[in-house]
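>>> A predicted structure for the sequence below; I have some questions about it.
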Amino acid sequence: MMELKGKVIVFDGDSICHGGRTDVNGDNAGWAARVGNAFGMEWYNYSRGGATITGDMYQESTGLARHWICRYIDEIHEKHPTLDYLILEGGTNDSDLIGIGSKKLGTMDPADYSGNYDDTTFIGGLESLFYKAINYYPTAKIGFIIAQKMGLPEVGYGPEFCRRYYFLKAIEVCKKWGIPYIDLWERSPLNPKLKCYYDPELTIEENIAEGKAYKDGQHLTDVGYDIVSGGIASFILSL
């Protein structure tokens, strides 16, 4: 679309938004490159594998800090004092690390717009992220992406599944702050229980070679990113 050509768009999230490539700005790096290149935009993807929306979360094996999306917005603002689009994503690693019933999930007061949130909780981190994003970029178009179905739980993919539970909490926070979102979990056709998209009996390399959408039941192949990128492009056009 000509109206998007040359516009600055910045993405931040976890491995789903990163695209699973070592060169995050490569031509095939997830949906960021596909959408940015298709529209002729000036695009940047700061997503990292293992990232959490929640602050003060660390790698279990090394003790090193994860990529904290709730705080990296400060660095994005330093690098890009102005931008046209800010697209955020995350929550999968938070759900895996925190779980249901933990105080680190946090709570939301629908009447509190003060900016004083505990970003060491998931909900507080997301509120802090949105508060800063809106104040840093009052004229930019901001959106949030809920990732596609992932994992192979026996219970299915309903609200009792931890990842979906967290995504539903994220949707509540999006609604409070008026942040548009796209729910790929519900809107995308991708489902790792369908063998046409993922075969658990195959290795990652074999799933890629067979043209499946998932490498491992969670992370997408180029085919998977091709499938979802059209919906994300439409979402960005709608902002």
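Perfect, thanks for sending it. Residues are numbered from 1 along each chain as shown.
>>> ok, the residue nearest the centre of the chain to V155 distance?
With distances taken as Cα atoms, centre = their mean, E89 lies nearest the centre of the chain, 2.0 Å away. According to Cβ to Cβ, to the nearest Å, E89 stands 24 Å off from V155. For glycine as for every other residue, the C-beta is placed from the backbone atoms N, C-alpha and C.
>>> and T107, how many neighbours does it have?
When counting by other Cβ atoms under 10 Å, one arrives at 10 neighbours for T107.
>>> contacts only, for the nearest residue to A147 once chain neighbours are set aside.
Computed as Cβ to Cβ, 6 or more residues apart in numbering, the closest residue to A147 that is not its neighbour in sequence is I16, at 4.7 Å. Contacts for I16 (Cβ atoms under 8 Å, 6 or more residues apart in numbering) come out as 30, 47, 89, 92, 147-148, 219-220.
>>> check the offset of the helix or strand harbouring I16 from the chain's centre.
Assigned by DSSP states H and E, I16 belongs to helix 15-18. Taking Cα atoms, centre = their mean, to the nearest Å, the mean C-alpha location of helix 15-18 is offset from the chain mean by 7 Å.
>>> now it: mean pLDDT?
Mean per-residue pLDDT for helix 15-18: 93.
>>> ok, stretch 202-212 next?
95.
>>> when you give positions from now on, start the count at 289
Got it, first residue is 289 now, which makes that one stretch 490-500.
>>> for it, what is the distance to the chain centroid?
Its chain's C-alpha centre and that of stretch 490-500 lie 24 Å apart, by Cα atoms, centre = their mean.
>>> other residues contacting that stretch?
484-487, 502-504, 509-512.
>>> which of those fall within helices?
Among those, the members found in helices (DSSP state H) are 510-512.
>>> need those residues in a markdown table with pLDDT and neighbour count, can you?
Below are these laid out as a markdown table (pLDDT from 0 to 100; neighbours: other Cβ atoms under 10 Å):
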| residue | pLDDT | neighbour count |
| --- | --- | --- |
| D510 | 91 | 17 |
| V511 | 93 | 16 |
| G512 | 94 | 24 |
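>>> which among the residues you listed gets closest to W473?
Nearest to W473 among these: G512, at 13.9 Å, using Cβ to Cβ.
>>> which non-adjacent residue is nearest the closest one?
Nearest residue to G512 in three dimensions, chain neighbours excluded: A501, at 3.6 Å (Cβ to Cβ, 6+ apart).
>>> contacting residues around that neighbour?
A501 touches 478, 485-486, 508-509, 511-512, 515, counting by Cβ under 8 Å, 6+ apart.
>>> give the buried residues for the lowest-mean-pLDDT helix or strand in the chain.
Lowest by mean pLDDT, DSSP states H and E among the helices and strands of the chain is helix 318-327, with a mean of 91. For helix 318-327, the neighbour count (16 or more other Cβ atoms under 10 Å) marks 318-324, 327 as buried.
>>> over to stretch 328-340?
Within stretch 328-340, the residues scored as buried using 16+ other Cβ under 10 Å are 329, 331-340.
>>> check stretch 396-412 too.
So, applying 16+ other Cβ under 10 Å, buried residues of stretch 396-412: 396, 405-412.
>>> my read: the residue nearest to the centre of the chain touches C305, true?
Yes. With contact defined as Cβ atoms under 8 Å, E377 reaches C305; the gap is 4.2 Å.
>>> picking that back up, dump the buried residues of helix 318-327 to TSV, plus distance to L352.
Shown next, in TSV, are the buried residues of helix 318-327 (distance: Cβ to Cβ, whole Å):
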residue	distance to L352
G318	23
W319	27
A320	24
A321	27
R322	30
V323	30
G324	29
F327	35
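>>> follow-up on the earlier one: residue contacts, the residue nearest to the centre of the chain?
Residues in contact with E377, defined by Cβ under 8 Å, 6+ apart, are 299-302, 304-305, 335, 432-435.
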